[in-house]
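Participant: The following comprises the amino acid sequence and a computationally predicted model.
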Amino acid sequence: MIPGWARRAWVVCWLGLLAAGVQGQVTNEQLLRSGELASNWLQYSGTYDGQRYSKLAQINRGNVARLAVQWIAQTPAQGNFEATPIVVDGIMYVTGQENTAFAVDARTGRKLWQYKRVLPESIKACCGHVNRGFGILGTRLFMATLDAHVIALDAATGNLLWDVNAVDYEKGYAFTVAPLVLKNKVIVGVSGGEYGIRGFIDAYDAETGQRAWRLYTIPGPGEPGSETWPDAASAARGGAPAWVTGSYDPELNLLYWPTGNPSPSDEGAERRGDNLYSNAVLAINPDTGKLVWHFQFTPFDLHDWDATEVPVLLDATLDGKPRKLLVHADRNGFFYALDRTNGQFLFAKSYAGQNWAKDIGTDGRPIPLALPAPNEEGVKTCPGAAGATNWMSPTYSPQTGLFYVSAREQCDIFYAHPQKFVEGRLYIGSVYMPPAREKDWGAVRAIDPRNGEVRWEYKELSAPWAGNLSTAGKLVFTGDIAGNLIALDAESGKPLWHLPTGAGIYAAPVTYEANGKQYIAIASGTALIALALAE
Amino acid sequence: MKIGWAWAAALAMVWVGGVHAQKKEISGAESESIQNGRSIFRVQCAYCHGIDADGGFRAPSLVSGRLSHGDSNEAMLNHILHGIPGTAMPANDIDEGSAKDVIAYLRSRSTKIAPPAGNVESGRKLFFGEGYCSRCHMVEGRGGRLGPDLTRVGTSRPPKYLAESIRDPDADITERYLAIDFGTAAPSYELVTVTTKQGASYSGVILNEDSFSVQFLDDNENIHAWMRNELKGIVHEGRSPMPKYGREQISDQQLGDLVAYLSSLRGGAQ
């Protein structure tokens, strides 16, 4: 028989655990209310709508000049640090390069644990051994790895809880995406558009890791859309990866996920057709993985213009009519507004230098200019292969009503040449290179999402790779390739403050609150840097 | 004997013609191998070595018949598959057969370039003497610092490029170094003029710059570091600080000597 004091101690202990379980635990309900729970940064884009906007306003236009570094946490891996950290109740969780991950105290940067998954030597990843961040539910962190596994780690210890091999990395598949977690599912999209893969989006059960569904981004033989490929063979190696985190509308119960380039990216002779569903946004029922509608930005792409830019969901009145919008600044140089209930194209407007399309027609298809396709001699085309923007997150501020995007002004000379497909090897169909003596440049552009007009721009000396964050302090935080973290006035674009971080910035800033103090955090070089107002 | 420019050109044409005449018939299998090699070359190699392998903005010509790290089939295969330590040349994730196809393609394009006809020693004297090249360029620790160090230039630039750069330095203004970060470029050797708010004016080259500050080497080799708000103006002139060496400055013979000297600079590489 257990003595009374022991029973009481046991009960107290359990009550304590239950209470502790609430702290640091993220529920589906909290993920839905991420925007209101602004002291935490619970998911890749901050909120399901992809707006990357925070209601925190302690740091504002009047005092941002007093921002000061609070801590710097160094990580061991080299390469571009592209991750968005997530922050839950004073703990920051971040993935690094080379399949590493960390948890740190969000007030001091002191490390709580670290995780490393040893990479196979023959790893395929066209563009760096990077990762863009965690998803979280309960006390579980979800990470998609370079060797094409999806794993769950314990948030308190970094211990591995489950590990699922999604696909064979030897065939050119990889993950770099930050998972999106919704309705007890972990959603990921695959990378590998340079290797002739067949792209897909997967959903895994957060509890068990069991796969709930897979949506191939290229239809199988006989399926709708398969007619946009000349044959089953070209479709089976047709690319259309899905390597950037999508958005979610809980009211419509639609998941919006963008897709990337068809393979081989520069040579189209063996894939004539629209190549669905490459370079598109897919609206998906997250319960079943069934495609509800799609919209393709660049049909039959020959310039590597992935549409893998975060789709941003917002409501606005267009021509007197309230609309549920999905807005998207595409790599092809055009800003698009769609009706997110049904995928109807509303308008598109050029937001960066381009020389390939006269306009986007009322049917949403580009009206091409008389520019030759890439060929043996090379064709100068703008934007270049890196696009007018890229994975770096845009942000939308409901406070200013403006959409902010990192725009790249750069062209490439595109060469095409037939290439034999070898599974697991680079499959590009030739090459692109920058024109001699042309200096790239860039800007953060503030776009009115109701009409696509650029309201202001903040010019940068080189084309940027950093994402953006807007806050209720009427600020936009961005980064440049020279390594500056920069605060802009969200209404005018005027630079108000900057910090030279010492390495080109390839990540997007986040904000959170700990002990009543608002922080801004950014990944740069090998470091995580957190800032707050000087006392 | 002094050979005139036109004569040299005519002789060169005869020589090239001879190479063409000697080219053997290419069999079907060889042709397929070359085609495949060309296709793989474009995907794996062209970004740095140039679309036709004759030198790109980051790496030397592979068809000059003179490769710094050896031009035997074994050496080339090893370099393609495993990279070259100490250089920017990476290992390539292709199979051995594909690498051999790339070599076949390079061989099919390769035309042995005759070593420059000039006199190396005369070129060296010109470089450090009346040509004033060493005013701005360094070789093995001797010379100026405003322009690129030329200690290994013979391994990275073909004679034609060197001759063009002397006659017309603006034709190609190179980056200061190979930028490590994906998707970025290093500052170039372009001429820049800076005027401070105090009214001082400097010409020189940029060491670094961003939206907020400028780091600068003036033509007296003094380093300056300014915040942009300390400057009245900064003009990127779009040309090289190096003067054009026309025929009035150096004769074709002297150009040949200088190119011969520069081509001989291989920093210990064979």
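Facilitator: Received it, and whenever you're ready, just let me know what you need.

Participant: Isn't A:Cys382 up against A:Gly333?
Facilitator: Yes - counting by C-beta atoms under 8 Å, A:Cys382 sits close enough to A:Gly333 to count as a contact (7.5 Å). For the C-beta atoms, the positions are set from N, CA and C on the backbone; glycine is no exception.

Participant: what do the two both touch?
Facilitator: Overlap of the contact sets of A:Cys382 and A:Gly333 (by C-beta atoms under 8 Å, 6 or more residues apart in numbering or on different chains) consists of A:Gly353, A:Gln354, A:Trp356.

Participant: Show me what from the stretch 101-250 of chain A comes close to chain B.
Facilitator: A:Ser122, A:Lys124, A:Cys127, A:Gly128 (C-beta under 8 Å from any C-beta of the partner chain).

Participant: Quick one: neighbours of the first one, just the number.
Facilitator: What it means is A:Ser122. Look at A:Ser122: counted by other C-beta atoms under 10 Å in any protein chain shown, it has 10 neighbours.

Participant: what's the nearest residue to it if we skip its chain neighbours?
Facilitator: Spatial nearest neighbour of A:Ser122, excluding adjacent residues (C-beta to C-beta, 6 or more residues apart in numbering or on different chains): A:Glu170 at 6.6 Å.

Participant: Check whether that neighbour sits in a helix, strand or coil.
Facilitator: With DSSP: H, G, I helix; E, B strand; the rest coil as the basis, the three-state label of A:Glu170 is helix.

Participant: Can you report how many residues lie near it?
Facilitator: That count, for A:Glu170 with other C-beta under 10 Å as the rule, works out to 14.

Participant: Which stretches in the chain count as helices?
Facilitator: The chain I'm using is chain A. Assigned by DSSP state H, the helices in chain A fall at A:4-22, A:28-32, A:232-236.

Participant: that's the other chain; I wanted chain B
Facilitator: For chain B, the helices defined by DSSP H occupy B:5-22, B:28-44, B:46-49, B:73-82, B:96-109, B:120-128, B:153-156, B:159-167, B:252-264.

Participant: Could I get the CA-only coordinates of the fifth one as PDB?
Facilitator: Extracted C-alpha coordinates of helix B:96-109, given in PDB (Å, rounded to 0.1, in the frame of the first residue of the first chain):
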ATOM      1  CA  GLU B  96      33.500   8.200 -65.300                       C
ATOM      2  CA  GLY B  97      32.100   7.600 -68.800                       C
ATOM      3  CA  SER B  98      30.600  11.100 -68.800                       C
ATOM      4  CA  ALA B  99      33.900  12.600 -67.600                       C
ATOM      5  CA  LYS B 100      35.600  10.800 -70.500                       C
ATOM      6  CA  ASP B 101      33.100  12.300 -72.900                       C
ATOM      7  CA  VAL B 102      33.800  15.800 -71.500                       C
ATOM      8  CA  ILE B 103      37.500  15.100 -72.200                       C
ATOM      9  CA  ALA B 104      36.700  13.900 -75.700                       C
ATOM     10  CA  TYR B 105      34.700  17.200 -76.300                       C
ATOM     11  CA  LEU B 106      37.600  19.300 -75.000                       C
ATOM     12  CA  ARG B 107      40.100  17.400 -77.200                       C
ATOM     13  CA  SER B 108      37.800  18.000 -80.200                       C
ATOM     14  CA  ARG B 109      37.900  21.700 -79.500                       C
END
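
Participant: Packing partners of that helix?
Facilitator: Packing partners of helix B:96-109 (3 or more C-beta pairs under 8 Å, 6 or more residues apart in numbering or on different chains; DSSP states H and E): helix B:28-44, helix B:73-82.

Participant: Among the helices of chain B, which comes closest to A:Gly483?
Facilitator: helix B:46-49 (24.5 Å; C-beta to C-beta).

Participant: which other helices and strands contact the closest one?
Facilitator: So helix B:46-49, by 3+ C-beta pairs under 8 Å, 6+ apart, packs with strand A:430-433.

Participant: Does the strand it packs on reach chain B?
Facilitator: Yes - interface with chain B: strand A:430-433 contributes A:Ser430, A:Val431, A:Met433 (C-beta under 8 Å from any C-beta).
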